[in-house]
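Participant: what's the 3D shape of this:
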Amino acid sequence: MRAALRIVGFVLLTFSLLKPAQAAVRSSGCADLDGRAGNSNGVAYTTTDNFFKGEVITVTVTASGSLVQVTLGLQITLITIFPGSTTITVPNDGSFLFNLESVPATNFDWSITCNPSPDGAGSKTGFEPQCPDGRLNYNHCDKIAIYAVPDGESYGMRIYVVEPDGIGKLALTVSARDLALLTKQPDHIGTSADGKVIVYRLTSGEYQVNYGPDTEGKVFEFTFDGLPPTAYPNVHTYMDA
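Facilitator: Sure thing, here's the model as predicted:
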């Protein structure tokens, strides 16, 4: 039997089911940039977001008819040889403008990766989860809250969509029995009533929770290795086609 899909009224997110593991994590800005790619003319991507000290942003350009400029806050680098790349290290925790563009504007093929600081999670001054209430996605938690819920001798999953006022609306519940019945093949586990939350079991055995699109058209993917996970989920965002 597949996961039960339940929608209930608003409830406060006050669970304390897991102690967040202090594994290396990415900021919301780093998670947003990582994996982006495309062909653009002029400005390819621009955003203002939060970043952690020591995160490493690498921009690679495979073809371009002009210089390519990468900006993070006050740091500006140029890519002049194609294929070529440039790397920027985030200088400190904070909010930064990131901008990628060709100068003068011309078509260019680009891709971005962003990795956590090799020194560990967050700033060297100490790591504090943004949402230390037990959710798996404790440092990228303004859209969705994913909990590993004790269920008999194992764990199930409970997923809330976070409203603008910070209150969570239960979107999907997956029981431990539902998970135990899954095969080793990739599988669709369940979808919320509004279609914005989808849970998958991947070929690797990992779980993937998708949310979106949000009001900006972004889709968020959270991938983790178990319930409870051994590390912070891998987070990937992209624009809904």
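Participant: how is this structure carved up into domains?
Facilitator: Domain assignment of the chain by automatic domain parsing yields the ranges 10-20+129-236, 28-115.
Participant: name the element residue 219 belongs to?
Facilitator: Assigned by DSSP states H and E, residue 219 belongs to strand 218-224.
Participant: partner strands of that strand and their direction?
Facilitator: strand 207-211 (antiparallel), strand 234-239 (antiparallel) (DSSP bridges).
Participant: so which of those gets nearest residue 32?
Facilitator: Closest of the strands paired with strand 218-224 to residue 32 is strand 234-239, at 5.0 Å (criterion: C-beta to C-beta). Quick note: C-beta positions are derived from backbone N, CA and C, even for glycine.
Participant: can you list the buried residues in that closest one?
Facilitator: 234, 235, 236, 237, 238 (16 or more other C-beta atoms under 10 Å).
Participant: stretch 43-57 too?
Facilitator: Using 16+ other C-beta under 10 Å as the test for burial, stretch 43-57 gives 44, 45, 50, 51, 52, 53, 54, 55, 57.
Participant: what does stretch 212-221 give?
Facilitator: 212, 214, 219, 220, 221.
Participant: for stretch 59-67, same thing?
Facilitator: Buried residues in stretch 59-67, counting neighbours by 16+ other C-beta under 10 Å, are found at 59, 60, 61, 64.
Participant: for it, the distance to its chain's centre please.
Facilitator: On the basis of C-alpha atoms, centre = their mean, to the nearest Å, stretch 59-67 sits 26 Å off its chain's mean C-alpha point.
Participant: tell me which residues are up against it.
Facilitator: Residues from elsewhere that reach stretch 59-67, judged by C-beta atoms under 8 Å, 6 or more residues apart in numbering: 68, 70, 78-80, 82-88, 100, 102-113.
Participant: strands - which of those land there?
Facilitator: 68, 70, 78-79, 84-88, 100, 102-103, 107-113 (DSSP state E).
Participant: nearest to residue 146 among the buried residues of stretch 212-221?
Facilitator: Out of those, the member with the shortest distance to residue 146 (by C-beta to C-beta) is residue 220, at 10.6 Å.
Participant: can you flag the weakest of the domains of the chain by average pLDDT?
Facilitator: Sorting the domains of the chain by mean pLDDT places domain 10-20+129-236 lowest, at a mean of 84.
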